[in-house]
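S.K.: With the sequence up front, the predicted model follows.
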Amino acid sequence: MKVAVYSTRRYDRLMLDRANAAHGHELVYVQDALGPATTALAEGCGAVCVFVNDNVDAAALEALKGLGIGLVTTRSTGFNHIDAVAAQRLGIAATRVTDYSPYSVAEFAVGLLLAVNRRIARASARTRDGNFELDGLMGVDLHGRTVGVVGTGKIGRIFAGIMRGFGCRVLGFDPYPHAEFAAIGEYVALPRLLAESDVISLHCPLTPDTFHLVNEQALRGIREGALLVNTSRGGLVDTEAVIGALKSRRLGGLAIDVYEQEADLFFQDLSATVITDDVIQRLVSFPNVIVTGHQAFFTAEAIGEIMQTTLDNISAFERGEPLKNLVPLP
């Protein structure tokens, strides 16, 4: 099958080509993101492959339907960028990657926590300039602290297990409790988790119910000086409210790998341009904030699994087989 693969970078092409050797699809690589203005680039294809910051809304899907596209498959577990209702209405199948190495994201979340707590990025920048002073670099022991895990799916449970290994008390919040987490931590209501946690780490999907889960009201209820880590979806956090909490010192530090307005920034080199997003500029100006560019998933193991599942989805669609990884309807 001929497939237009949007938002591709060198590593996407390398890993997809490697996995495609067993499938034989004709992959047409497009560096641009998918949106209503770029759908024409999929002309002549039977499917499109997208990523987290592509805009697969109703307008884009209408245009794809007009080109004869029958499948939209995303190289991600998250699917909030796809209008699943519109896809179903138009008769376009939408699939995702339901499972890949959860260790990649969980381990990165731990790395972000350590980096923001111990000021590692700031210390590294100082030593490169020959400054070996310690003032401003003091952190706290994580051992004995309380860590709140919001979302106890596979990634959240692995993160919780690592923090338990650090000697932390672990609290969890999830509408769907899991026995594996209950064996190492305690499920509590979200307000109690926020009030008692020294560290809050987000591991839940972005849905209408979780949009701006961390907002001004929630931040008023956190333990003073708590650290917030987000490796899930940017929309979980009201960034303006977080900036206010950082300025008031209610929030002791922030480490994020995702950002609500990341679509115009992440996965591209903007170092020689003027970044007009004032919010991200304010965020990175804080000494107790670390921002990375949506790389938590970026390990050889995880990418390999993502590409293999993506191609399996395409092959199953081409053969007319039942699709196992359909994007769920809201």
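M.R.: Done, it's in.

S.K.: Contacts for stretch 311-324, please.
M.R.: 1, 3, 16, 19-20, 22-23, 25, 46-47, 49, 70-71, 73, 93, 95-96, 98, 325 (C-beta atoms under 8 Å, 6 or more residues apart in numbering). From N, CA and C alone the C-beta is placed, and that goes for glycine too.

S.K.: Please parse this protein into its domains.
M.R.: The record's domain parsing of the chain by automatic domain parsing lists 2-100+299-318, 102-291.

S.K.: The first one spans what distance, first to last residue?
M.R.: Using C-alpha to C-alpha, to the nearest Å, the end-to-end distance of domain 2-100+299-318 comes to 10 Å.

S.K.: so where do the strands sit in this structure?
M.R.: Here the chain has its strands, by DSSP state E, at 2-5, 26-29, 47-50, 71-74, 93-95, 146-150, 169-173, 186-187, 199-202, 226-230, 251-256, 289-291.

S.K.: Give me the helices and strands touching the longest one, please.
M.R.: Right, strand 251-256. With contacts taken as 3 or more C-beta pairs under 8 Å, 6 or more residues apart in numbering; DSSP states H and E, strand 251-256 sits against helix 102-117, strand 226-230, helix 239-247, strand 289-291.

S.K.: Dump the strands of the chain to a markdown table, plus mean pLDDT.
M.R.: Below are the strands of the chain laid out as a markdown table (pLDDT from 0 to 100):
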| stretch | mean pLDDT |
| --- | --- |
| strand 2-5 | 98 |
| strand 26-29 | 98 |
| strand 47-50 | 98 |
| strand 71-74 | 98 |
| strand 93-95 | 98 |
| strand 146-150 | 98 |
| strand 169-173 | 98 |
| strand 186-187 | 98 |
| strand 199-202 | 98 |
| strand 226-230 | 98 |
| strand 251-256 | 98 |
| strand 289-291 | 97 |
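
S.K.: quick one, which of the ones you listed is nearest to Asp269?
M.R.: strand 289-291 (15.5 Å; C-beta to C-beta).

S.K.: what's that closest one in contact with?
M.R.: Contacts for strand 289-291 (C-beta under 8 Å, 6+ apart): 112, 115-116, 121, 246, 253-257, 259, 280, 283-284.

S.K.: Generate a PyMOL selection restricted to the buried subset of these.
M.R.: Selection of the buried residues among the contacts of strand 289-291 in PyMOL, burial being defined by 16 or more other C-beta atoms under 10 Å:
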select buried, resi 112+115+116+121+246+253+254+255+256+257+259+280+283
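
S.K.: winner for burial among the helices and strands packed on strand 251-256?
M.R.: Highest mean neighbour count of the helices and strands packed on strand 251-256: strand 226-230, a mean of 26 (counted as mean count of other C-beta atoms under 10 Å).

S.K.: can I assume Thr152 is in contact with Ser201?
M.R.: No. Applying C-beta atoms under 8 Å as the test, Thr152 and Ser201 come out as separate, 10.8 Å apart.

S.K.: Which of the two has more residues huddled nearby?
M.R.: Set side by side, Thr152 and Ser201 show more neighbours around Ser201, with 27 against 24, by other C-beta atoms under 10 Å.

S.K.: If the residue lying closest to the more buried one once chain neighbours are set aside is in a bridge, with which residues?
M.R.: Nearest residue to Ser201 in three dimensions, chain neighbours excluded: Val229, at 4.3 Å (C-beta to C-beta, 6 or more residues apart in numbering). Beta-bridge partners for Val229, by DSSP bridges, are Ser201, Ala255.

S.K.: so Val229 touches Val258, yeah?
M.R.: No. Assessed by C-beta under 8 Å, Val229 is found out of contact with Val258, at 10.6 Å.

S.K.: where exactly do the helices run in the chain?
M.R.: 10-20, 58-66, 84-90, 102-117, 120-128, 154-165, 179-182, 190-196, 216-220, 239-247, 278-284, 300-318 (DSSP state H).

S.K.: Indicate which one of those helices is closest to Asp269.
M.R.: Relative to Asp269, the nearest member of the helices of the chain by C-beta to C-beta is helix 10-20, separated by 12.1 Å.
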